[in-house]
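In: Sequence first, then the predicted structure, then my questions.
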Amino acid sequence: MKVLIPDDNRPRWDSVRQFLQQESEIRVSGIAADAETAFHSVIARELRRILDGCPICDGGYREHDYALLATLVIQKGQSPAPLKQFYDLFRQYRWRELLCFQDWSPCEDIVADFAFRCATGRMGIVTVLSSADPDVPDNPLHYMILPVEEGKNLLTLLNPQRWLPLRPVYPQVA
């Protein structure tokens, strides 16, 4: 029997698990369909592509989270001053001020800072240039692993509900 199960369809996974428990001689094969179509899942997939493995633990992304910290619209012909300020706040760990940058325009390129939290508890920041052109892939500009204390400082400023999984949790098949 072949099955195609979206990775976020828990009832379907549960029914397959029950079926396997009842039918010990049957072979089931297939693939988990990439059902990451929600906006936050698309962002998570893009961050996984950009990071190409966690730079902290050199592992996959199970039990890893991310949060959008700040965004800055980049307009053609714009003064570089806002971008310089954005980077200066980031480099100086001035998290409260950085979190105030929440510009967004679907018609303009955007620089975005994302925090990512490793399963080990360490945190990092990745800065991404996201083009307004949907055919142009996001471009990583910079990433930095934060000192433990700075990671804790940033964590205290972020609402826990802002954290989203970098990889969906798949059910365990017994």
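Out: Yes, it's here.
In: make it CA atoms for all contacts and neighbour counts henceforth
Out: Noted.
In: what about residue 156, how many neighbours?
Out: Number of residues near residue 156 (other Cα atoms under 10 Å) recorded here: 10.
In: Kindly spell out which helices and strands sit in contact with the helix or strand harbouring it.
Out: Residue 156 belongs to helix 148-157 when assigned by DSSP states H and E. When contacts are defined as 3 or more Cα pairs under 8 Å, 6 or more residues apart in numbering; DSSP states H and E, helix 148-157 packs onto helix 95-98, strand 123-130.
In: Deepest in the core, which of these is it.
Out: strand 123-130 (a mean of 21; mean count of other Cα atoms under 10 Å).
In: okay, the angle between that one and helix 148-157?
Out: Here the directions of strand 123-130 and helix 148-157 differ by 70 degrees (axes from the mean of the first three to the mean of the last three Cα atoms, to 10 degrees).
In: Helix or strand next in line after strand 123-130, which one?
Out: Past strand 123-130, the next helix or strand by DSSP H and E is strand 139-145.
In: Tell me the strands beside that following strand, with direction?
Out: For strand 139-145, the paired strands and their directions (DSSP bridges) are strand 123-130 (antiparallel).
In: Would you mind pulling the contact partners of the partner strand?
Out: Contacts to strand 123-130, defined as Cα atoms under 8 Å, 6 or more residues apart in numbering, come from residues 109-117, 137-148, 151.
In: Please write out the alpha-carbon positions of it in CSV.
Out: Taking Å, rounded to 0.1, in the frame of the first residue of the first chain, the C-alpha atoms of strand 123-130 are listed here in CSV:
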residue,chain,number,x,y,z
MET,A,123,20.3,31.7,19.7
GLY,A,124,21.3,33.3,16.5
ILE,A,125,20.2,36.0,14.1
VAL,A,126,20.0,35.7,10.4
THR,A,127,19.5,38.8,8.2
VAL,A,128,17.8,38.2,4.9
LEU,A,129,17.1,40.4,1.8
SER,A,130,13.7,39.5,0.5
